[in-house]
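Visitor: dropping a prediction and its sequence here:
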Amino acid sequence: MQKSPPQNLLRKINLSSVPPDVLRHSLRKQWLVTNGLGGYASGTIAGAVTWRYHGLLVSALPVPLGRTVMLNQLEEHLRVVDARQLIQFSGSEPADAGGLSASVFLKEFRLDNQLPIWRYEIDGAVIEKRILMPYLQNTVHISYTLLSDTKDCELVLRPLMNFRPIEGATGVPPAGGYLLRSQGNHFEIDAQGQYPTLRFFVDNSDSIFICDGGSRREIYYARDAERGYDARSTLWSPGYFSFPLRRDTPATLVASTEEWRTALALNPEEAYATERARLNRLLTIADPAALGGPAAELVLAADQFVITPTTRELDAARARATGDELCSVIAGYHWFTDWGRDTMISLEGLTLITGRFVEAAWILRTFARYVRDGLIPNMFPEGQHEGLYHTADATLWFFHAVDRYLKKTGDRGMIVALLPVMETIVDYHLRGTRFGIGVDPADGLLRQGQDGFQLTWMDAKVGDWVVTPRRGKAVEINALWYNALRLLEGWLTDGGRKEAATSISEHADRARSNFNRRFWNSETGCLFDVIDGEQPQDPAIRPNQVLAISLDYPVLDTEHWNSVLSVVEKELLTPVGLRSLSPSHPDYKSKYSGDLRSRDAAYHQGTVWAWLSGPFIDAWLKVHDNENAAARKFLDGFVPHLNEGCIGSISEVFDAEEPYTERGCIAQAWSVAEVLRCYVKTTSMPKSH
């Protein structure tokens, strides 16, 4: 089937003449721009900074720094005609001001092919602002264009900063303070070696910079206050730029932690055209079923999570020595790094549906290099080289991801290269490996658990409190184990190794037989969540059991599929994913809010997870064959959500009851990946001739 030419994907939010309560709601709506390194720029569409994670330049820096806030905000003022007073239309406000007073000038926010654009109307002047980050650079371009015939407009921009790690204490200046240096119209801020140099300038020949000796602005992070964190901070400014704005002539502030030669390699208009061309190319290589409606927007949203993790320079050098690139997936913005589980679950939606097969191969080989004692890393902590391996399921999802890659690409060289790794993984699981992960010789089922660790995807922990330990034999771990065994059996058979394949098949047969004998709960008509754990059988109704049907090799006998799906649909299904616990359970929490302890107590105790829509739809379509249109309706709730949370993306979690308020990370890899994958899966495409 011939693909349509790239389209201009527009998502508009009209903010003209909106009442104060609606305008205040815009403080929860956020935007996100990324750079393919894990760095980003983000804030509210109203222009206010409400979170410590907001910033116009959050650079992804080598270990030990990690992602670092380098440019927090700009104060933006305009003087029109002969007016003496500067009008502030965006930027910092005093603590507790709420971030709304300047927003009255904001009339429209829109995403144009995922690039954010604001339109302001100020005393007859109409100004558009846009933000982009050149790909694979820790650089941001903030451009302003006068669209009206207004004459004698003067724009004043004051950069505000507080260099710190994204999780670092707010308002704490670098130990040695800041030093301003100038090279003509180019400027540098040096933090005395504690952080990299911040370089900045305005691409406008008439701009001047007024150094006023350094000033400070106190700000209030409302979202941090909601979450129980220190909410007050002070930002420092070296001075401000002033320059005229002329109709249809963009002026751009450029800020970067790159060397000058890199930051200046593309002028702002070239950078904008280059990024537009890159995004258009992503739309041309994606699956044809993903080129219309919300799916096309999610193709571009998916791009934000696929990264080259330059924070780990040594690993990148090793990968390049073999002809690869280090490649991974940011699990979620703003605070997640790359996680093994999230990467493997997301791989199909982020790279295979989007036609990015080379990156998919890099990701798989990257994680294969990290295998230790039969496990892939659970996560890479911010600013560290070494991964943490406390996960029982990420490695099993690795088998699933490799299989999906092979089915999509037919790249037999991949399985030839990875088969020894896969055999080693299974061998370690059969013998037993870290954290109590290993097969129980009594029944062939996979058990896991160690005090103080949370090894499944339900991994909330506060201090020493593991909220959902799930030690023992978890239902989805054994569904994934059986699937991995069958996949390995097939790969060994294809490689002509029948004796090894037969041995793996025997393990799989035994696991399946005992799974169906031991996990079926006739009283509830569904599956136990965990057996042989803190209690012999945990009857909690959770979404994990869906994987016993949804995977390519379902471990659950078909006679139980209808019953399990019926219970899950009744107890757990919402318009934006599955609840993590049935409302009938005494530990059920309907809201994910409050301080860290309150949030983590609800994280997997009712809170809705968008990514679970994927396994649910996979399972549902196995029972309701060819009913794609009906299955598509399970995704309808995500369409209005694209105008909430992070505009054009999908949040990590949602409250468990109406109005299903978005929570957690504003943009989550597996949420975007699984919804996008299911949009494609439920699309009935005409056959090519």
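Guide: Structure's in. What do you need? Treat the numbers as computed from the prediction; the structure is a model and nothing was measured.
Visitor: tell me what the longest helix along the chain is packed against?
Guide: The longest helix of the chain (DSSP state H) is helix 498-519. With contacts taken as 3 or more C-beta pairs under 8 Å, 6 or more residues apart in numbering; DSSP states H and E, helix 498-519 sits against helix 412-431, helix 475-494. Where C-beta positions appear, they are placed from N, C-alpha and C, glycine not excepted.
Visitor: just the strands in the stretch 151-300 of the chain please.
Guide: For the stretch 151-300 of the chain, the strands defined by DSSP state E, counting those that start in this stretch cover 153-160, 164-165, 179-183, 186-190, 198-203, 208-220, 232-245, 251-256.
Visitor: quick one, the first one and strand 208-220 angle?
Guide: When axes from the mean of the first three to the mean of the last three C-alpha atoms, to 10 degrees is applied, the directions of strand 153-160 and strand 208-220 differ by 60 degrees.
Visitor: give me the residues contacting strand 153-160.
Guide: With contacts defined as C-beta atoms under 8 Å, 6 or more residues apart in numbering, strand 153-160 is touched by 71-81, 86, 91-92, 125, 127, 144, 146, 200, 202, 215, 217, 235-246, 251, 253, 255.
Visitor: now the farthest one out in this structure, which residue is it?
Guide: In the chain, the greatest distance from the average C-alpha position (C-alpha atoms, centre = their mean) is reached by D82, at 46.6 Å.
Visitor: which pLDDT value goes with the closest residue to it other than its chain neighbours?
Guide: Distances taken as C-beta to C-beta, 6 or more residues apart in numbering put D152 closest to D82, at 7.3 Å, once the chain neighbours are dropped. Per-residue confidence (pLDDT) for D152: 80.
Visitor: now D152: how far from D123?
Guide: Going from D152 to D123 by C-beta to C-beta, to the nearest Å gives 11 Å.
Visitor: list the residues that contact both of the two?
Guide: V80, V81.
Visitor: least trustworthy helix or strand in this structure by mean pLDDT?
Guide: helix 20-25 (a mean of 63; mean pLDDT, DSSP states H and E).
Visitor: show the average pLDDT along the helix or strand that it is followed by.
Guide: Following helix 20-25 in sequence order, the next helix or strand is strand 30-34 (DSSP states H and E). On average, the pLDDT along strand 30-34 is 97.
Visitor: hmm, who's touching strand 30-34?
Guide: For strand 30-34, the surrounding residues in contact (C-beta under 8 Å, 6+ apart) are 40-45, 109, 111, 115-116, 131-133, 140, 303-304, 307, 330, 333, 645-647, 649, 666-667.
Visitor: from these, which land in strands?
Guide: Among these, the members falling in strands (DSSP state E) are 40-44, 109, 111, 115-116, 131-132, 140, 307, 333, 667.
Visitor: check the gap between the nearest residue to D338 once chain neighbours are set aside and G171 for me.
Guide: Among residues not flanking D338 along the chain, S328 sits closest, at 3.9 Å (C-beta to C-beta, 6+ apart). Distance, S328 to G171, by C-beta to C-beta: 32 Å.
Visitor: and these two? Which one has more around it.
Guide: Between S328 and G171, counting by other C-beta atoms under 10 Å, S328 is the more crowded of the two (27 against 18).
Visitor: now do the same contact list for that one.
Guide: Neighbour list for S328: I307, T308, P309, D338, T343, I363, T366, F367, F380 [criterion: C-beta under 8 Å, 6+ apart].
Visitor: ok, 10 Å please
Guide: Shown in contact with S328 (C-beta atoms under 10 Å, 6 or more residues apart in numbering): 38, 305-309, 312, 315, 337-340, 342-343, 359, 362-363, 366-367, 370, 377, 380.
Visitor: for it, phi and psi?
Guide: Main-chain torsions, S328, degrees, to the nearest 10: phi -150, psi -170.
Visitor: is it in a bridge, and if so with what?
Guide: In this entry, S328 is beta-bridged to I307, by DSSP bridges.
Visitor: would you map out the domains in this structure?
Guide: Using automatic domain parsing, the domain parsing of the chain gives 13-278, 286-439.
Visitor: picking that back up, show only the entries of the contacts of S328 found in helices.
Guide: Among the contacts of S328, DSSP H puts D315, G340, D342, T343, E359, W362, I363, T366, F367 in helices.
Visitor: please tabulate these in a markdown table, including the columns pLDDT and distance to D494.
Guide: As requested, these are arranged in a markdown table below (pLDDT from 0 to 100; distance: C-beta to C-beta, whole Å):
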| residue | pLDDT | distance to D494 |
| --- | --- | --- |
| D315 | 83 | 31 |
| G340 | 95 | 26 |
| D342 | 97 | 29 |
| T343 | 97 | 25 |
| E359 | 97 | 25 |
| W362 | 95 | 24 |
| I363 | 95 | 23 |
| T366 | 93 | 24 |
| F367 | 94 | 22 |
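Visitor: please list all residues in contact with the closest residue to R356 other than its chain neighbours.
Guide: Spatial nearest neighbour of R356, excluding adjacent residues (C-beta to C-beta, 6+ apart): V306 at 6.7 Å. Contact analysis of V306 by C-beta under 10 Å, 6+ apart lists 34, 36, 327-330, 343, 346-347, 350-351, 354, 356, 359-360, 362-363, 669.
Visitor: and if you look at E275?
Guide: Counting by C-beta under 10 Å, 6+ apart, E275 makes contact with V33, N113, Q114, L115, L132, M133, P134, Y135, H141, L266.
Visitor: before we move on, what about P244?
Guide: By C-beta under 10 Å, 6+ apart, the residues touching P244 are R79, L146, K151, D152, C153, E154, L155, N204, D206, S207, A251.
Visitor: any buried residues in stretch 644-658, and which?
Guide: For stretch 644-658, burial by neighbour count (16 or more other C-beta atoms under 10 Å) applies to 644-656.
Visitor: ignore the last one, stretch 255-274
Guide: A255, S256, T257, E258, T262, A263, L264, L266, P268, A271, Y272.
Visitor: same deal with stretch 535-550?
Guide: Neighbour-count burial for stretch 535-550 [16+ other C-beta under 10 Å]: 538-550.
Visitor: okay, those in TSV with distance to R276 and pLDDT next?
Guide: TSV is the format used below for the buried residues of stretch 535-550 (distance: C-beta to C-beta, whole Å; pLDDT from 0 to 100):
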residue	distance to R276	pLDDT
D538	52	97
P539	54	97
A540	49	97
I541	48	98
R542	44	98
P543	39	98
N544	42	98
Q545	45	98
V546	40	98
L547	40	98
A548	45	98
I549	42	98
S550	38	98
